[in-house]
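K.L.:
Structure for this input, please:
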Amino acid sequence: MTTSRNGRGDAAMQAQVRRLAVKAVRAGMTQIVAAATFGVSLRAVNAWVAIAKVGGLRALKARPRGRRAGGGRLTPAQAARIHQLVLDKMPDQLKLGFFLWTRAAVVALIAHECGVTVSLTTVGRYLQAWGLSPQKPVRRAYERNDVAIQRWLTREYPAIAREAKREGATIYWGDEMGLRSDHVTGTSYAPVGQTPVIRATGQRFGCSMISAITNRGQVVFRVFHGTFRAPMFVDFMRRLRRQSAGKVYLIVDGHPVHRSRLATAFVAAHAADIRLIRLPGHCPELNPDELLNQDVKTNALGKSRPRNRDEMMTAVRRHLFRRQKQPQVIQNLFREQHVQYAA
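P.N.:
You can find the predicted model right below:
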């Protein structure tokens with residue numbers, strides 16, 4: 001029987017040892033022999049027999065040890081206030097000398113708001129009790145208009161979806177991005193303490209892509225070299241219009257090319273076939289096509305080392321052609337939290 005001298009170990013094993021020891025004593029074994037048999041102290045057996053005498057074997061069940069999570073020096077009202085501040089604000093907004101919420105930042109917040117000094121360990125217990133865990137933050141622009149975003153989610157897009165259904169139109173989500181040869185993603189195994197080194201050409205090069213996807217899994221794209229300009233965007237819309245059976249609703253961000261006179265004139269001239277819709281400003285997380293961009297960076301570029309621009313463009317095209325044959329992968333993009341509204 002492998003336990004410590006006090007019967008401490010795995011909770012289930014501890015409870016089992018206690019019950020077996022008490023049962024053995026009740027069957028006639030002396031407490032000294034029981035202690036030696038089960039590898040525990042005599043004092044532990046004495047205590048277990050006394051507990052079982054009052055509460056029965058059920059009273060020997062292992063109980064949680066240690067301090068209650070969140071227990072500390074704050075009153076319930078103070079704890080509730082600190083919890084709400086951590087949820088609603090960032091440290092710099094409260095004029096604390098921190099950029100992110102760390103345990104040290106919460107210690108400073110408690111001292112500032114409540115005049116109470118607590119340890120990092122105690123703060124960790126509070127954070128655990130509040131259901132908070134350390135996570136990588138997501139950037140959001142200061143310029144974003146939360147009212148406009150909420151209006152888009154609750155009123156504008158639902159109305160667009162209804163109109164598209166009424167017209168038999170297909171809603172495409174479009175975006176463009178640039179790719180660079182020195183982009184690195186993912187991890188690589190290496191000896192502990194030795195950062196892995198990857199080799200790449202010292203001459204950087206890049207390419208760009210424009211794409212559009214639907215929640216049915218359709219993908220339309222173009223990979224190109226050079227600056228993204230209005231004529232290229234118009235040509236992309238022209239191709240998209242030809243490839244679609246019905247009217248196209250194309251939703252994009254506020255890029256200057258999307259607002260150009262050439263693009264506006266093209267859409268006006270073909271209003272029966274295509275409609276161009278712009279998302280609220282500074283909210284790329286609402287565009288499902290951003291997730292396709294991430295997929296390309298991770299799986300087409302991040303896992304290969306192109307030696308020149310032609311190899312890079314070939315790798316990106318090959319990956320996007322593969323995605324065109326995998327509509328279920330594109331549909332899964334729409335299950336991400338911020339774009340589920342478009343599914």
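K.L.:
mind listing the strands for the stretch 201-343 of the chain?
P.N.:
Secondary structure of the stretch 201-343 of the chain (DSSP state E, counting those that start in this stretch): strands located at 206-213, 219-224, 248-252, 274-278.
K.L.:
Which one of the ones you listed lies nearest to Lys95?
P.N.:
Nearest to Lys95 among the strands of the stretch 201-343 of the chain is strand 274-278 (36.4 Å), distances taken as Cβ to Cβ. In this view, the C-beta of every residue, glycine as well, is placed from N, C-alpha and C.
K.L.:
related to what we said a few turns ago, any chance of the strands of the stretch 201-343 of the chain in JSON lines, plus distance to Val316, mean neighbour count and mean pLDDT?
P.N.:
Shown next, in JSON lines, are the strands of the stretch 201-343 of the chain (distance: least, Cβ to Cβ, whole Å; neighbours: other Cβ atoms under 10 Å; pLDDT from 0 to 100):
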{"stretch": "strand 206-213", "distance to Val316": "6", "mean neighbour count": "22", "mean pLDDT": "96"}
{"stretch": "strand 219-224", "distance to Val316": "5", "mean neighbour count": "19", "mean pLDDT": "97"}
{"stretch": "strand 248-252", "distance to Val316": "20", "mean neighbour count": "23", "mean pLDDT": "98"}
{"stretch": "strand 274-278", "distance to Val316": "25", "mean neighbour count": "18", "mean pLDDT": "98"}
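K.L.:
Next, work out how far apart Val22 and Gly193 are.
P.N.:
For Val22, the distance to Gly193 (Cβ to Cβ, to the nearest Å) stands at 50 Å.
K.L.:
nope, Ile51 is what I meant
P.N.:
Ile51 is 50 Å from Gly193, by Cβ to Cβ.
K.L.:
Format the strands of the stretch 201-343 of the chain as JSON lines; extra columns: distance to Gln340.
P.N.:
Formatted as JSON lines, the strands of the stretch 201-343 of the chain follow (distance: least, Cβ to Cβ, whole Å):
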{"stretch": "strand 206-213", "distance to Gln340": "15"}
{"stretch": "strand 219-224", "distance to Gln340": "19"}
{"stretch": "strand 248-252", "distance to Gln340": "15"}
{"stretch": "strand 274-278", "distance to Gln340": "19"}
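K.L.:
now the helices for the stretch 201-343 of the chain?
P.N.:
Counting by DSSP state H, counting those that start in this stretch, the stretch 201-343 of the chain has helices at residues 230-243, 261-269, 289-295, 309-324, 327-333.
K.L.:
which other helices and strands contact the fourth one?
P.N.:
In this case it means helix 309-324. Where contact means 3 or more Cβ pairs under 8 Å, 6 or more residues apart in numbering; DSSP states H and E, helix 309-324 is packed against strand 206-213, strand 219-224.
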